[in-house]
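A.B. asks: Coordinates only, no sequence provided:
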């Protein structure tokens with residue numbers, strides 16, 4: 001006997017698409033059933049799977065990349081900027097908390113004797129985590145210099161750096177100084193997947209859901225294209241997450257801010273349409289914040305509007321489907337500085 005599990009794509013094709021058929025002698029065989037005819041992982045979904053694969057598992061990718069420290073680092077570069085996302089070590093140190101209340105809180109959590117040890121712990125922990133992210137190729141360790149002849153800014157990776165180097169433009173020689181400064185360049189694929197394609201909020205939602213189950217299994221697909229008709233591939237809908245959590249099929253729509261969803265009636269109508277076709281056990285809306293940086297509405301007003309929208313959606317999808325709404329800013333610890341920022345290596349351990 002040979003027992004094997006289907007891959008994630010095959011599994012969710014059977015969950016979502018109209019594979020089930022009643023026997024021919026069953027009277028229900030004539031009942032018309034509306035459902036999607038095909039699905040595929042979108043480009044954004046493939047990119048997010050690629051980022052997760054760099055860590056080997058969802059848990060590590062979620063715990064490191066979506067904690068407060070790395071969210072701020074990843075979003076520090078302006079979108080559409082032509083510059084490479086490169087950080088000096090001092091710039092990365094600048095994202096560490098410098099206020100006394102936070103450091104006193106960390107001192108208690110880490111069981112350290114004084115605040116100066118907290119500073120040393122955080123910097124050592126940053127070094128350990130950065131080293132891990134370089135090994136996973138989320139960051140590249142590079143040295144940069146400006147050519148004295150043509151003014152071009154050259155960049156060499158740790159592996160490509162030599163004692164004698166040549167400018168990429170004019171071939172002017174550059175001798176690496178013994179005290180050369182290393183910088184840390186964010187992988188453009190990671191930046192595009194998580195920031196430009198807003199995959200960071202999807203990654204947080206996946207990790208949050210995985211943390212909720214305590215029995216059974218957890219299967220997922222990120223960012224799926226859904227097709228109502230085989231003959232019309234241009235007519236498609238998107239769902240940000242499919243997952244099976246403790247035996248229940250969950251379909252999740254993810255947006256960065258709740259106000260973006262509330263202020264666009266098309267988003268609401270499309271969500272209801274998709275859920276009525278999919279018929280999951282649980283329909284979920286996931287947001288990182290209540291409103292964006294340019295919105296002047298209050299959190300209380302946005303919460304009230306979101307509740308009203310939720311009540312309307314529940315009426316439109318029927319009583320057999322449960323609707324859950326989560327906002328990351330309401331989840332305990334989401335906006336707190338973590339006691340460690342991702343990787344507990346030998347430098348971090350040396351504090352104890």
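C.D. replies: Arrived safely, thanks for sending. The shown structure was predicted, so the numbers you read here are calculated from the model rather than taken from an experiment. Residues are numbered from 1 along each chain as shown.
A.B. asks: Okay, strands next: where are they in this protein?
C.D. replies: 38-41, 86-87, 139-146, 153-157, 164-166, 173-175, 183-186, 218-227, 236-245, 248-257, 282-289, 322-327 (DSSP state E).
A.B. asks: where does this protein dip in pLDDT?
C.D. replies: 18-22, 26-34, 78-84, 214, 231, 233, 292-297 (pLDDT under 70).
A.B. asks: Against which helices or strands is the longest helix anywhere in the chain packed?
C.D. replies: Assignment by DSSP state H gives helix 115-135 as the longest helix of the chain. With contacts defined as 3 or more Cβ pairs under 8 Å, 6 or more residues apart in numbering; DSSP states H and E, helix 115-135 has these neighbours: helix 58-65, helix 89-93, helix 100-110, strand 139-146, helix 346-349. Any C-beta I mention is one placed from the backbone N, CA and C, and that applies to glycine too.
A.B. asks: a markdown table for these, including distance to residue 240?
C.D. replies: Converted to a markdown table, those look like this (distance: least, Cβ to Cβ, whole Å):
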| stretch | distance to residue 240 |
| --- | --- |
| helix 58-65 | 15 |
| helix 89-93 | 30 |
| helix 100-110 | 32 |
| strand 139-146 | 26 |
| helix 346-349 | 34 |
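A.B. asks: closest to residue 270 out of these?
C.D. replies: Closest of those to residue 270 is helix 58-65, at 27.0 Å (criterion: Cβ to Cβ).
A.B. asks: Show me what the closest one is packed against.
C.D. replies: helix 43-55, helix 68-74, helix 115-135, helix 199-210.
A.B. asks: And the helices and strands packed on helix 115-135: which comes nearest residue 249?
C.D. replies: That would be helix 58-65 among those, by Cβ to Cβ, at 18.2 Å.
A.B. asks: can you pull the buried residues of stretch 311-321?
C.D. replies: Within stretch 311-321, the residues that count as buried by 16 or more other Cβ atoms under 10 Å are 313, 317, 321.
A.B. asks: Sorry, slip of the keys, the one I care about is stretch 274-294.
C.D. replies: Result for stretch 274-294 [16+ other Cβ under 10 Å]: buried residues 274-275, 277-280, 282-291.
A.B. asks: same check, this time on stretch 119-131
C.D. replies: 119, 121, 122, 123, 124, 125, 126, 127, 128, 129, 130, 131.
A.B. asks: roughly how far apart are the third one and residue 55?
C.D. replies: Yep, that's residue 122 we're talking about. The gap separating residue 122 from residue 55 is 22 Å, by Cβ to Cβ, to the nearest Å.
A.B. asks: Likewise for the fourth one?
C.D. replies: Between residue 123 and residue 55 the distance, using Cβ to Cβ, works out to 23 Å.
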